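**Student:** sequence plus the predicted model coming up.
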Amino acid sequence: MIHVPPELEKILSETEELKNAYLVGGCVRDGLRGLDCKDFDIEVFGINYEQLVNSLARWGRTDLVGRSFGVAKLTTPRGQTFDFTIPRRDSKIAPGHKGFQVEFDSSITRKEAASRRDFTINSLMYDPRAKQLLDFFGGVSDLEKKILRHTSAAFPEDPLRVLRGMQLAARFDLETAPETIELCREIKSRYRELAVERVRDEWFKWAEKSVKPSRGLEFLVATGWVEHFPEIQALIGTPQEPEWHPEGDVFVHTALCCDAMVKLTDWQSADTDSRIVYSLAILAHDFGKPSTTHRALKRGQMRIVSPGHEEAGVPLAENFLNRINAPQSIRERVIPLVLNHLAHFQELTDRALRRLAKRLEPENIHGLCIVMTADHMGRPPRPAVVPETVKLLLARAHELEIQSSAPQPILLGRHLLALGMAPGKELGAILHEAFEAQMEGKIFDLPQALRWLSQQNKFPLPDFVLEQLRNG
């Protein structure tokens with residue numbers, strides 16, 4: 001029923017101390033859904049932590065990464081890693097994610113251990129020896145019906161479980177049980193207890209792994225937790241011009257754009273960081289609309305417009321990314337995508353494209369086109385197609401070979417130093433002007449850069465260089 005890696009199966013079958021070991025959590029859930037699983041969690045009953053570590057030592061390197069929580073990580077000689085735990089009872093004694101009293105008890109039953117897990121779909125256990133599934137809380141039924149339901153009354157002990165619910169609903173396209181929504185609403189004031197690193201981890205899972213991101217956003221609204229993310233909350237009810245946005249308000253549009261994003265082949269084939277960047281960029285692309293939206297007379301008709309919402313959205317996107325503790329490497333890629341997400345409606349001269357590529361650094365035009373495409377597709381019943389303006393932008397960028405990176409300076413400091421120019425401000429000023437000329441399309445290679453240098457009388461070139469330039 002559940003695929004168990006041969007190496008893990010051997011460890012479990014040949015280690016007497018692990019005779020009461022069970023696969024738990026996500027590997028069971030994903031195995032039932034026919035998904036490949038790389039992370040295996042094993043819960044071992046009837047022994048203490050020291051016995052667990054000693055029993056694993058013969059199979060590889062053990063890292064006591066979570067000793068206070070009964071966790072031991074085993075890395076085998078083949079490089080596979082498995083997480084082993086012993087069951088525990090957690091008692092909430094203080095606010096915050098560290099405010100738990102952990103009690104280990106070898107007599108804890110399997111049902112008791114399963115009851116402390118967050119959602120029923122994660123409370124499933126699998127006996128690899130008997131090939132038997134243990135389902136104490138209806139997890140299989142909820143998985144089949146695509147329902148997200150909390151496991152027990154212990155759920156509120158860790159408010160992070162709400163954000164975990166947000167990303168699980170999005171990752172597996174789940175509808176949340178009403179009683180779970182109500183329980184989440186009751187603990188929304190405890191958001192401040194969460195460490196920002198844990199908040200970031202849940203948002204990044206949403207951004208990287210969702211199959212229907214809108215489920216997660218709708219979960220935040222239903223539970224009231226959207227109030228902790230005011231940039232998203234402000235989108236709700238912000239109107240849009242029906243001719244251009246027949247789908248509804250800005251929140252509806254954003255949710256549909258996120259769903260469109262994860263269906264794009266370019267998103268699905270991207271690396272982990274890029275999937276996170278594109279998802280967060282499309283989430284934030286219209287953060288500026290609530291503050292800029294108004295009615296104005298356009299072509300003889302009153303229209304709903306949001307001029308300048310790209311620029312207005314930048315500080316809001318930065319606030320959101322800072323609040324979830326996104327690393328600089330992610331922030332510096334998301335922000336230019338938000339700022340330039342309407343660039344395909346601007347003039348597409350070679351000069352404009354080169355400067356666009358430079359503004360996007362360290363992101364690129366290819367990534368921007370992914371965001372633009374998702375933005376266009378989030379407008380049903382309009383056709384979900386790649387807009388012609390985006391096709392043209394990408395084609396022109398390919399011609400200029402700047403679709404994946406911005407133009408780099410042709411004339412460099414080492415060239416000027418080799419010609420005898422002394423280091424200093426003048427050298428830097430010449431390099432700046434040369435790069436501007438390159439961006440304007442006046443310089444395409446090094447000989448041309450040297451001709452430009454000579455024509456501008458920026459620096460007297462040696463005679464042998466002038467001779468080489470005259471001879472081509």
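**Tutor:** Sure thing, it's come through.

**Student:** the helix or strand in which Leu256 is found packs against which elements?
**Tutor:** Here Leu256 sits within helix 250-261, counting by DSSP states H and E. For helix 250-261, the packing partners by 3 or more Cβ pairs under 8 Å, 6 or more residues apart in numbering; DSSP states H and E come out as helix 213-223, helix 272-284, helix 365-377. The C-beta positions use only the backbone N, C-alpha and C, and glycine is treated the same way.

**Student:** between those, which one is closest to Leu450.
**Tutor:** The minimum distance between Leu450 and the helices and strands packed on helix 250-261 falls on helix 365-377, with 29.1 Å, by Cβ to Cβ.

**Student:** what about the helix or strand that the closest one is followed by, distance to the chain center?
**Tutor:** Downstream of helix 365-377, the first helix or strand assigned by DSSP H and E is helix 388-399. Helix 388-399 sits 26 Å away from the centroid of its parent chain (Cα atoms, centre = their mean, to the nearest Å).

**Student:** show me which positions of helix 388-399 end up buried.
**Tutor:** Using 16 or more other Cβ atoms under 10 Å as the test for burial, helix 388-399 gives Thr389, Val390, Leu393, Leu394, Arg396, Ala397.

**Student:** nearest to Ser274 among the residues you listed?
**Tutor:** For the buried residues of helix 388-399, the closest approach to Ser274 (Cβ to Cβ) belongs to Leu394, at 16.2 Å.

**Student:** His366 versus the closest one, what's the distance?
**Tutor:** Distance of Leu394 to His366, given as Cβ to Cβ, to the nearest Å: 7 Å.

**Student:** do Leu235 as well
**Tutor:** 27 Å.

**Student:** pick out whichever of those two has more residues nearby.
**Tutor:** Higher neighbour count among Leu235 and His366: Leu235, with 22 against 18, using other Cβ atoms under 10 Å.

**Student:** what is the orientation angle of the helix holding Leu256 with helix 213-223?
**Tutor:** If you take axes from the mean of the first three to the mean of the last three Cα atoms, to 10 degrees, helix 250-261 sits at 150 degrees to helix 213-223.

**Student:** can you tell me the element Ala317 falls in?
**Tutor:** helix 309-323.

**Student:** now that helix - C-alpha only, PDB.
**Tutor:** Coordinates of each C-alpha in helix 309-323 appear next as PDB, following Å, rounded to 0.1, in the frame of the first residue of the first chain:
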ATOM      1  CA  HIS A 309      -0.400  51.000  -8.800                       C
ATOM      2  CA  GLU A 310       2.900  49.300  -9.800                       C
ATOM      3  CA  GLU A 311       5.000  51.900  -8.000                       C
ATOM      4  CA  ALA A 312       2.500  52.100  -5.100                       C
ATOM      5  CA  GLY A 313       2.700  48.400  -4.600                       C
ATOM      6  CA  VAL A 314       6.500  48.300  -4.100                       C
ATOM      7  CA  PRO A 315       6.600  49.400  -0.500                       C
ATOM      8  CA  LEU A 316       3.600  47.200   0.400                       C
ATOM      9  CA  ALA A 317       5.300  44.200  -1.200                       C
ATOM     10  CA  GLU A 318       8.500  45.000   0.700                       C
ATOM     11  CA  ASN A 319       6.500  45.200   4.000                       C
ATOM     12  CA  PHE A 320       4.800  41.900   3.300                       C
ATOM     13  CA  LEU A 321       8.100  40.200   2.400                       C
ATOM     14  CA  ASN A 322       9.800  41.700   5.500                       C
ATOM     15  CA  ARG A 323       7.000  40.600   7.700                       C
END
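
**Student:** could you list the buried residues of it?
**Tutor:** So helix 309-323, judged by 16+ other Cβ under 10 Å, has buried residues His309, Glu310, Ala312, Gly313, Val314, Leu316, Ala317, Glu318, Phe320, Leu321, Arg323.

**Student:** quick one on the thing from earlier: now render the buried residues of helix 388-399 as JSON lines, adding distance to Thr180 and pLDDT.
**Tutor:** Output for the buried residues of helix 388-399, formatted as JSON lines (distance: Cβ to Cβ, whole Å; pLDDT from 0 to 100):
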{"residue": "Thr389", "distance to Thr180": "43", "pLDDT": "94"}
{"residue": "Val390", "distance to Thr180": "40", "pLDDT": "96"}
{"residue": "Leu393", "distance to Thr180": "44", "pLDDT": "95"}
{"residue": "Leu394", "distance to Thr180": "43", "pLDDT": "95"}
{"residue": "Arg396", "distance to Thr180": "50", "pLDDT": "94"}
{"residue": "Ala397", "distance to Thr180": "46", "pLDDT": "95"}
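
**Student:** which of those lies closest to Gln403?
**Tutor:** Ala397 (4.0 Å).

**Student:** mind listing what that closest one touches?
**Tutor:** Leu353, Ala357, Ile365, His366, Gln403 (Cβ atoms under 8 Å, 6 or more residues apart in numbering).

**Student:** how much space separates the first one from Leu360?
**Tutor:** In this structure, Leu353 and Leu360 are separated by 11 Å, where distance is defined by Cβ to Cβ.

**Student:** would you map out the domains in the protein?
**Tutor:** 6-155, 164-341, 413-470 (automatic domain parsing).

**Student:** which of these has the highest mean neighbour count?
**Tutor:** domain 164-341 (a mean of 19; mean count of other Cβ atoms under 10 Å).

**Student:** what about the residue nearest to the spatial centre of the chain, distance to Asn20?
**Tutor:** Geometric centre of the chain, nearest residue: Ile276, 2.3 Å, by Cα atoms, centre = their mean. Separation of Ile276 from Asn20 (Cβ to Cβ) stands at 39 Å.

**Student:** show me where the stretch 1-150 of the chain dips below the pLDDT cut-off.
**Tutor:** Scanning the stretch 1-150 of the chain for pLDDT under 70 picks out 66-68, 90-103.

**Student:** the helices in it, which residues?
**Tutor:** 6-13, 26-32, 49-57, 110-115, 139-145 (DSSP state H, counting those that start in this stretch).

**Student:** how about the strands of the stretch 1-150 of the chain, start to end?
**Tutor:** Counting by DSSP state E, counting those that start in this stretch, one finds strands in the stretch 1-150 of the chain at the ranges 21-24, 41-44, 61-66, 71-75, 81-85, 88-92, 100-104, 125-127, 132-134, 147-148.

**Student:** not counting its own residues, what contacts the first one?
**Tutor:** The reference is to strand 21-24. Residues contacting strand 21-24 (Cβ under 8 Å, 6+ apart): 2, 4, 12, 31, 40-45, 84, 110, 113-114, 117, 124-128, 134.
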